[in-house]
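[1] When you get a sec, could you give me coordinates for this:
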Amino acid sequence: MKATTSGTAAKEWSSFLALCIAKRLDFDNFASYVSILSSRHPVTPAVVADVFLKPHPANHESLDPRVPRYVQILTDQKLINTPSILKALYKYSTSHSHQANAVENAQQQQTENTVPWWKSSYGAEETIFYRLTKAVAMGTGIKSASDAIEVCKVMARWMTLFTTASAAFAQDVIGQLHSMQSKEDMEASRAAFVMLLLGIFENQVVLKALSRPFAKEARKAMSESLSNFVPSIMQSPGASQVASRLEFFRTDTLAAFEPVDKKKEAAKAEIDDLLDSTMGLDNFVIPELPVTNARAGLYIYLNALLVGRPLIDDAAFYSYLHNRYNGEIQTTAIDLILASFDVLANAFFRNEGQKSANLLRCYLINKLPLLLSTLATSMFPPLTPQYCITEALSQVDTNAFPTLSSMFDESNSNNTFTDSVRQDFCFACCLHGLIPEPAIEGLLGDMTYQTLPAGGRYVKETLVGQCMTDPERIQSLIGELDNMDGNVGAVCQAITEVIGRLCNNKETMSLKLLCSQLAKKPLSLDVMLLFEKPVSILHPLCELLDNWHYDEDQGEYQPVYEEFGSILLLVLAFVHRYSLTVADLGIRSSHSFIARLLQSGHLAKSLEDLSEQEQGHIGGWVHGLFDSESGGLSDELMSSCPPQDFYLLVSTLFYQTVLAFSTDRLSEEGLNSGVEYLVDTFLLPSLVMAITYLSNHLRIDNQKEQKAVIKILQLILLTKQGSNEAQTMLSGVLNIVAKPLEHALRTYQRQDPKSQDIEPLLKAIKDNIRVSRRTGGAEHNELEQWTGQQSGGLVASVRHTLQGFVQWSLHPSINIMPTSYSHRQILAAIKLLGPKRLLRLILEEVRQQTDAGSGSVAYDVATALICAPDVTNVTPPPPPTLLSDPNQHPSPVQSRVTLRTALRWEVEDFKKIQKSDPAMAETVVRLYRRVEAQLLMPQPAEMLQNDLGLGLDQGAAASLGEALAAAQGDGLVTDDTNVNLDLGDGTADIKFDMGSGNSTGGLDLGTDDDIFGVGNGADLLEGWDGMDLS
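    Next up, the predicted model:
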């Protein structure tokens, strides 16, 4: 009876629906009538949903458009619910017709007079799925645990249905069985279904129900259907993120609801360990992004090479360019020229001043044409150097680099920073045969009155021969270091070779003149290091000073002191300007005089700590300098105390002087008499140790001794004693010590603000401070700007810089002016944040830029930052002597953690990262692969002969190979003495000379934990290098 009643009720509902559709009953009346019908003929939600959503003999094409709205009203009146709707939709879905053997099944249904599936139900399904999604999100779609379980079971069946339908469409490639419209409708319906699926998975009622023990079957059904469904949607646009969310629900959320099976967990752990051990980094597959050589990339790298002492090692630099551009010479040359102009323009816009202008101009005019000359050996018609130069100059901003005629425009603010750079560059390129002279005016787009150097292109061997026969030629050659004509490279290499020959020949008088002239020109030292490495210049001088001894028939000793001091002054000028270590000089013996001087020369000893001989020396110097009755400094004193012993005792001598003057045992007259000796040229270089010691001593809390220190400084700096030559040498000394002295004076000034003694001293060294250091350390005002609250702190400043690089590279034609940048910011961030935290910041920014669609550019910017060398963490070279003695093995020098090392550590944990953050794991691995690809050192013969066309013979290539192989490590390092761009005479204009001791500068990657870019114990500055406290 009940079944008959139920069947009768179902017929009443079917008749009611047919009448509603026939009459096109409006929705308000439908709501009223259906309420009456349900009270007279109550049925279950499943029956109502089946009546409204099944095909009818009169209509089995598609659901009537009014039915979805009727369904919504039925839901609002609680006559149907979400499980019943989903089951009825599933039962009659068109997707069943796409399953295997579906056609035969449909024909069988028709012969049995049963109603088949809808011919096209996808439109109605899409509408109803979206409405159900909204209901689930509002909390009305699923109200109980039983509803949640029923919904999960039917959703699992839906996923299987869509998976099968997708496979059927995929097999019907030419559309014989299914139309393209049908496929598109199915995909639209599936997209709406996925939105509902995600809403269900995030519903708290569902999650709570699935976590209960009785939901085991539902969990199993969901997991199995998801494992097949997720791959089927991967081909849809934008499906990767959705697929990741669904997969995370299956592998993490559902898996967490399962009860722990210890045996199963142990077996799973063993399998995971096995997979982890067999699947290495090389087998980790990630989607590839297009490789872009952004304009900012090489710009960043060049800034890093030139931010401190120049680090341009030709072989390493060519290798980097080759890897970055995959041997594409045209793009390499054009981008290199553009980046070089960008670096100089950036310094101009940042008001870096003359201290940067000289180096950057010299690089662009004197170094860049040589690099292009080497690249030109691999150019073949129709590609020519002239074409590359023309293309690059057409993109150079003429606002930063004006033409000759615009320089005479009254509205143009002329500056010595960038004026005539384009013209000078073109003539330098012409000098090296890259462009013909008649083409220059066409390149510049303007007339020019400049000409090539009168002497033509210099050849190193010719210059060396001139210097060895005419010492005066050395002096004029040093003056030519200031030229901007393309010949400075040969001049630098000639001077370096002359230094080596004079050291070997013990021609100390000529060395004295050469070194004293170079020491007073700190900007020329920058130029020297564009073409030579410190070890090539300084190691012969250090060897000479270490082994210095008097001749048996020595007559006068004061000239010996003068020669020794002048040579030492040049060594100290290099060491302190660039924070060089003992290892940077090629010294490995701790007994070396230079090593002992740099490590402890600024420290004073008490008399009790001195040997008997040292006590005798101190006594003799005290009496000779300050005792007017002793007859002054005698040959006997200097003959008994070699220069090395004197310089090691200078700090102790001044310690005793401060104590004597502060306790009135030394009169002011006696002090003045001693200072007169010390500012004479034969002792003046000792003031480097003396003033460094006095700067340290000024910090002690003893007013009398502080007053004594200030008095000594006043006599040295303010009285202008000595000859013009002595004053010039004193200026060279002050260039070395100006930074630590300024810091000490300002510290004392803060302790005693009323003191009138400090400002005159600061004024006396003002000009020296500006040229005192080039270490890559941040200036005080820069640190304040980067770390200040207004900028959001250092993290925000670095992030802003990275974003600026990306935007500039995306729109270089719009933003002609390069992104304002100093690599000192990254070096400071490495020190203050640490390499790991800075790397994490870079990775996060890369991921965000990738999500925004700028991934290729962001990866190139990040790669350049990590590949860029760190001038504060340069791996020292092997000393030249070790290269010829295989039995000597220097102890390895420990370098600090670099960004590259931090990235390597990060990628070692990529499996762990992948489990918690798959997108970050992809970012880490992709960035690591790009960094390693750009820093890969190819075989020397292949890199230089085949790719760059340098024509190395087998011996030269083998020599370079040994050097590069020995240098493979954390940074991009090449041998310091076997690789150099030799500007000598030969068959080729530019060639690599593997047999000489010259080199062109080093390229290392590293970081430093010192904020201000100072060195280790060999540096006497103790943290003052990069600070500008004015």
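[2] Now do the strands in the chain.
    981-982, 991-992 (DSSP state E).
[3] Least reliable of those strands by average pLDDT, please.
    Among the strands of the chain, strand 991-992 has the lowest mean pLDDT, at a mean of 34.
[4] how many other residues sit next to the closest residue in space to Lys87 that isn't next to it in sequence?
    Spatial nearest neighbour of Lys87, excluding adjacent residues (Cβ to Cβ, 6 or more residues apart in numbering): Val154 at 5.3 Å. To be clear about C-beta, it is placed using only N, CA and C from the backbone, and glycine gets the same treatment. Residues near Val154, counting by other Cβ atoms under 10 Å, number 21.
[5] Ile312 touches Tyr318, doesn't it?
    No. With contacts counted by Cβ atoms under 8 Å, Ile312 stays clear of Tyr318, the gap being 10.4 Å.
[6] how about low-confidence regions in the stretch 1-150 of the chain?
    Residues of the stretch 1-150 of the chain that meet the criterion pLDDT under 70 lie in 1-6, 99-115.
[7] do that again at 80, thanks
    The model of the stretch 1-150 of the chain has pLDDT under 80 over residues 1-7, 57-58, 98-116.
[8] and if you look at the stretch 551-700 of the chain?
    552-555, 628, 630-631.
[9] Which parts of it are helices?
    558-578, 593-600, 612-626, 635-640, 643-648, 650-662, 668-678, 687-697 (DSSP state H, counting those that start in this stretch).
[10] now the angle from the first one to helix 687-697?
    Translated: helix 558-578. Using axes from the mean of the first three to the mean of the last three Cα atoms, to 10 degrees, one finds that helix 558-578 and helix 687-697 are set 50 degrees apart in direction.
[11] Direction-wise, compare helix 558-578 with helix 593-600 and give the angle.
    Going by the same axes, to 10 degrees, helix 558-578 makes 50 degrees with helix 593-600.
[12] how far away is Ser662 from Ser755?
    16 Å (Cβ to Cβ, to the nearest Å).
[13] between the two, which one's more packed in?
    Of the pair Ser662 and Ser755, Ser662 is the one with more neighbours under other Cβ under 10 Å, namely 18 against 14.
[14] How about the contacts made by the more buried one?
    702, 704-705, 707-708 (Cβ atoms under 8 Å, 6 or more residues apart in numbering).
[15] Need the buried ones from these selected in PyMOL.
    Applying 16 or more other Cβ atoms under 10 Å to the contacts of Ser662, the buried members can be selected in PyMOL as follows:
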select buried, resi 705+708
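[16] Now do the residue nearest to Lys87, the pLDDT please.
    93.
[17] can you pull the contacts of it?
    So Val154 contacts 83, 86-87, 90 (Cβ under 8 Å, 6+ apart).
[18] Reformat these as CSV; add distance to Glu784 and neighbour count.
    As requested, the contacts of Val154 are arranged in CSV below (distance: Cβ to Cβ, whole Å; neighbours: other Cβ atoms under 10 Å):
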residue, distance to Glu784, neighbour count
Pro83, 65, 23
Leu86, 64, 24
Lys87, 69, 20
Tyr90, 67, 17
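[19] for those, which one is nearest Pro918?
    Leu86 (31.0 Å; Cβ to Cβ).
[20] ok, so what distance separates the nearest residue to that closest one once chain neighbours are set aside from Val206?
    Closest residue to Leu86 apart from its sequence neighbours, by Cβ to Cβ, 6+ apart: Val154 at 4.5 Å. Between Val154 and Val206 the computed distance is 13 Å (Cβ to Cβ).
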